[in-house]
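A.B. asks: what shape does this take:
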Amino acid sequence: MQFQAQELSPQNGVARPVLSGSQHFDEAAVQLRHGSFDKETMRPGFIVLLFALSFPAHAQEGYLGSGHDKWHQSFYRILQRPDGKGPCCNLTDCRPTSGRTVDGHYEVKVNGAWVSVSQTKIIRQAAPDGGYHVCAPYKFKGQPEELYCVVLAPEG
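C.D. replies: Predicted structure coming up:
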């Protein structure tokens with residue numbers, strides 16, 4: 001790491017190194033460790049980073065309403081329940097989620113909890129994004145038989 005000079009911060013009079021070339025992550029980490037990082041300048045960027053990192057995780061937990069609007073018109077509204085009781089989605093029921101195979105059966109996350117999926121709930125159609133999707137009632141109580149529909153990610 002090369003420093004060209006030291007400059008005085010107009011806010012607090014602290015000397016800061018002026019970096020030559022582009023500032024890299026490692027150099028920023030050094031500044032943060034040595035207390036020369038301008039925390040006020042970093043606060044908005046840090047908040048945006050936290051928001052960006054938390055959104056995908058929340059969507060993959062299968063929470064009601066999370067990611068629904070993105071897929072309703074093009075995908076969810078055409079899905080029919082395998083039990084013949086009508087559509088999978090009643091305006092808010094479906095959302096992207098995470099899935100896995102455990103002891104020969106599928107599980108998906110619904111409202112942050114893993115739920116076992118009965119074969120009778122699985123729709124044999126791939127989602128446009130290639131991911132897992134679940135449709136469950138607004139007042140889902142965690143019982144597998146309550147699920148309306150589950151779309152599995154293709155096995156790779």
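
A.B. asks: burial measure for the closest residue to residue 91 other than its chain neighbours, as a count.
C.D. replies: Among residues not flanking residue 91 along the chain, residue 72 sits closest, at 7.5 Å (C-beta to C-beta, 6 or more residues apart in numbering). Where C-beta positions appear, they are placed from N, C-alpha and C, glycine not excepted. Look at residue 72: counted by other C-beta atoms under 10 Å, it has 17 neighbours.

A.B. asks: what are the phi and psi values for residue 72?
C.D. replies: Dihedral pair for residue 72: phi -60, psi -60, per degrees, to the nearest 10.

A.B. asks: OK, contacts around it?
C.D. replies: Applying C-beta atoms under 8 Å, 6 or more residues apart in numbering, we find residue 72 in contact with 89, 91, 94.

A.B. asks: which helix or which strand is home to the first one?
C.D. replies: Read that as residue 89. For residue 89, there is no host helix or strand (DSSP states H and E).

A.B. asks: any idea of the pLDDT on residue 104?
C.D. replies: Residue 104 is assigned 93 on the pLDDT scale.

A.B. asks: that'll do, ta.
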